[in-house]
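Structure for the following, please:
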Amino acid sequence: MKNSIENLYQLDGRVPLGKALPFGLQHVLAMFVSNITPIMILASVVGLDSAVSAALIQNCMVIAGIGTLVQLFPVWRIGSRLPIVMGISFTFLSLAISIAGAYGMGTLIGAVIVGGLVEGVLGLFVKYWIKLIPHVVSATVVTAIGFSLLPIGANSFAGGLGAPDFGSLNNWIVGSVTLLACLLCQVFAKGFLRSLSVLVGLIVGYILACFMGMVDFSGLSGLAVVSMPRLLPFTPEFNIGAILSVVAVYLVSATETIGDTSALCNGALNRDPETKEMGAAISCDGFVSSVSGLFGCTPITSFSQNVGLAAMSGVVNRFTIGIGALVMIIGGVFPVVGHALTTIPQAVLGGCTIMMFGSILYAGFGMMARTGFSQRNMVIVSLSLSVGLGFTQATEMFKIFPEIVRTVFAENCVAVVFLLAVLLNLLLPKKEE
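Sure thing, here's the model as predicted:
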């Protein structure tokens with residue numbers, strides 16, 4: 001039994017279901033709201049009716065579970081065999097709204113399917129282009145991902161951006177208590193309980209939120225017991241302009257996956273990722289995103305918050321995280337499960353994720369240290385981060401550019417950082433005087 005518990009911190013090996021379930025559930029809860037939010041926003045802006053919206057939310061949970069299982073237990077060369085958790089990507093949201101609003105959901109879904117195939121094929125041939133992304137570029141991208149997540153954690157802590165009670169005293173109290181519970185468990189708990197610090201904090205915060213009247217259970221009544229995912233809710237249509245725009249954003253998504261894979265291997269597995277692992281992770285991103293399109297959903301990608309959770313908890317067991325993926329699929333088939341998870345207040349999730357997101361930054365700093373602090377690396381890192389993080393905070397700077405450039409770069413610091421880091425690495429002299 002002792003050895004099976006120790007398997008929590010190993011990629012392979014079986015863990016007792018009673019131990020695997022809470023750790024797997026911890027991963028689900030860390031990403032659950034972020035997984036369904038892009039679909040909820042898209043459905044609301046485009047004006048889809050509530051029945052279609054509910055069906056898409058179910059579908060995106062099932063797709064996230066399937067994508068995670070493929071990453072954990074590869075099919076041929078698709079899937080990295082790493083503890084990567086997949087979910088619906090925010091990266092595509094603004095472009096998805098633009099395409100669906102102008103041409104309809106069918107055109108968006110057609111572009112998602114074709115673009116996913118392109119990214120999947122790129123992943124299969126990763127060895128021919130991965131040299132463009134050396135360690136210094138990966139370290140810079142990982143650091144940018146960490147920085148980009150900090151506002152997401154802060155907005156959740158305050159109640160969720162746009163919420164009527166954003167920044168209220170109740171949100172401050174719940175978020176702070178949740179964070180404190182996570183911190184105390186991380187510092188003072190022993191053994192596997194320390195690895196469950198995020199789940200402990202979430203439970204403490206959720207109970208407090210219930211007593212403070214911040215949890216709404218009204219939507220749980222009247223739900224169907226079982227509801228199967230619906231295939232092809234929209235008929236795909238193919239528009240070359242929409243396809244090219246989506247393919248451009250898929251390249252950004254591939255960049256984020258490379259960064260997440262690097263952060264996971266360096267932060268949780270204490271090694272650099274192998275080329276075939278990065279290619280397999282990208283292939284999973286692409287091909288499963290095409291499947292996501294068949295279910296009417298936008299593309300999926302690796303979730304950075306779960307990379308932070310793996311780095312902080314040390315739990316990397318594929319079987320354990322696979323249990324979490326099964327929970328997601330069950331949540332999509334049994335609506336009451338999924339809806340129950342949506343009752344977790346944003347302030348609770350924010351309190352849980354603040355330190356997790358910081359751990360991704362820490363992984364990025366560690367990668368930089370291993371890369372070395374040469375003058376050349378200093379220029380690549382400092383210029384890429386300052387321009388990428390700075391310019392995307394002033395999005396009006398991009399108004400002179402075409403719409404596709406604004407879509408890909410204006411609000412996506414990771415894309416800007418990646419492009420600059422690659423260009424600087426290619427242009428700067430390799431040998432210093």
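
At which residues are the strands of the stretch 251-400 of the chain located?
300-302 (DSSP state E, counting those that start in this stretch).

so where's the stretch 1-150 of the chain uncertain?
Where the stretch 1-150 of the chain drops to pLDDT under 70, the residues are 1-3, 33, 41, 94.

show me what contacts the nearest residue to Leu269 once chain neighbours are set aside?
Leaving out its chain neighbours, the residue that sits closest to Leu269 by C-beta to C-beta, 6 or more residues apart in numbering is Val316, at 6.4 Å. Quick note: C-beta positions are derived from backbone N, CA and C, even for glycine. Val316 sits next to Tyr9, Gln10, Leu11, Pro83, Ala268, Leu269, Ala310 when contact means C-beta atoms under 8 Å, 6 or more residues apart in numbering.

Report the central residue of the chain.
With distances taken as C-alpha atoms, centre = their mean, Phe303 lies nearest the centre of the chain, 2.0 Å away.

Tell me where the stretch 101-250 of the chain has helices.
If DSSP state H, counting those that start in this stretch is used as the criterion, the helices of the stretch 101-250 of the chain fall at 105-124, 135-157, 169-188, 192-195, 197-211, 240-267.

Looking at those, which is nearest to Val288?
Among the helices of the stretch 101-250 of the chain, helix 105-124 comes nearest to Val288, with 7.5 Å by C-beta to C-beta.

re the thing from before, show me which of the contacts of Val316 are buried.
With burial judged by 16 or more other C-beta atoms under 10 Å, the buried subset of these is Tyr9, Leu11, Pro83, Ala268, Leu269, Ala310.

closest to Pro229 among those?
For these, the nearest to Pro229 is Pro83 (24.6 Å; C-beta to C-beta).

Now do the SS call for that closest one.
Using DSSP: H, G, I helix; E, B strand; the rest coil, the structure places Pro83 in coil.

Just the buried ones among the contacts of Val316: which are in helices?
Ala310 (DSSP state H).

Dump the buried ones among the contacts of Val316 into JSON lines; add distance to Thr255 as well.
Below are the buried ones among the contacts of Val316 laid out as JSON lines (distance: C-beta to C-beta, whole Å):
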{"residue": "Tyr9", "distance to Thr255": "29"}
{"residue": "Leu11", "distance to Thr255": "24"}
{"residue": "Pro83", "distance to Thr255": "20"}
{"residue": "Ala268", "distance to Thr255": "20"}
{"residue": "Leu269", "distance to Thr255": "21"}
{"residue": "Ala310", "distance to Thr255": "20"}
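
Any chance of the helices of the stretch 101-250 of the chain in TSV with distance to Leu349 and mean neighbour count as columns?
Listed next are the helices of the stretch 101-250 of the chain as TSV, based on distance: least, C-beta to C-beta, whole Å; neighbours: other C-beta atoms under 10 Å:
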stretch	distance to Leu349	mean neighbour count
helix 105-124	27	23
helix 135-157	5	23
helix 169-188	8	18
helix 192-195	19	17
helix 197-211	8	21
helix 240-267	19	23
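
Give me the longest helix you can find in the chain.
Assigned via DSSP H, the chain shows its longest helix as helix 17-46.

What residues of it count as buried?
Buried residues in helix 17-46, defined by neighbour count with 16+ other C-beta under 10 Å: 19-43, 46.

measure the residue nearest to the centre of the chain to Val114 for me?
Here the criterion is C-beta to C-beta, to the nearest Å. By it, Phe303 lies 24 Å from Val114.

okay, the angle between the longest helix of the chain and helix 197-211?
Counting by axes from the mean of the first three to the mean of the last three C-alpha atoms, to 10 degrees, helix 17-46 lies at 60 degrees to helix 197-211.

any low-confidence regions in the stretch 301-433 of the chain?
For the stretch 301-433 of the chain, the ranges with pLDDT under 70 are 338, 432-433.

Go ahead and name everything in contact with stretch 177-197.
5, 8-9, 19, 22-23, 26, 157, 198, 200-202, 204-205, 208, 312-315, 347-348, 350-352, 354-355.

quick one: average pLDDT of it?
For stretch 177-197, the mean pLDDT works out to 85.

which SS class is Pro429?
Pro429 - assigned by three-state DSSP - is coil.

Report how many residues lie close to it.
7 (other C-beta atoms under 10 Å).

and the spatially closest residue to it that is not a sequence neighbour, how far is that from Ile130?
Setting aside the residues directly before and after it, Pro429 is nearest to Arg376 in space (C-beta to C-beta, 6+ apart), at 7.4 Å. Separation of Arg376 from Ile130 (C-beta to C-beta) stands at 20 Å.

that older thread, closest to Phe166 among the contacts of Val316?
Set against Phe166, the nearest of the contacts of Val316 by C-beta to C-beta is Ala310 (29.8 Å).

ok, the nearest residue to that closest one once chain neighbours are set aside to Leu349 distance?
Among residues not flanking Ala310 along the chain, Ala268 sits closest, at 4.2 Å (C-beta to C-beta, 6+ apart). Note on Ala268: its distance to Leu349, by C-beta to C-beta, is 21 Å.

Repeat that for Val316.
Relative to Leu349, Val316 is positioned 22 Å away (C-beta to C-beta).

contacting residues for the residue lying closest to Ser156 once chain neighbours are set aside?
Closest residue in space to Ser156, ignoring its immediate chain neighbours: Gly350 at 3.2 Å, by C-beta to C-beta, 6+ apart. By C-beta under 8 Å, 6+ apart, the contact set of Gly350 is Gly153, Ala154, Asn155, Ser156, Phe157, Ala158, Gly175, Thr178.
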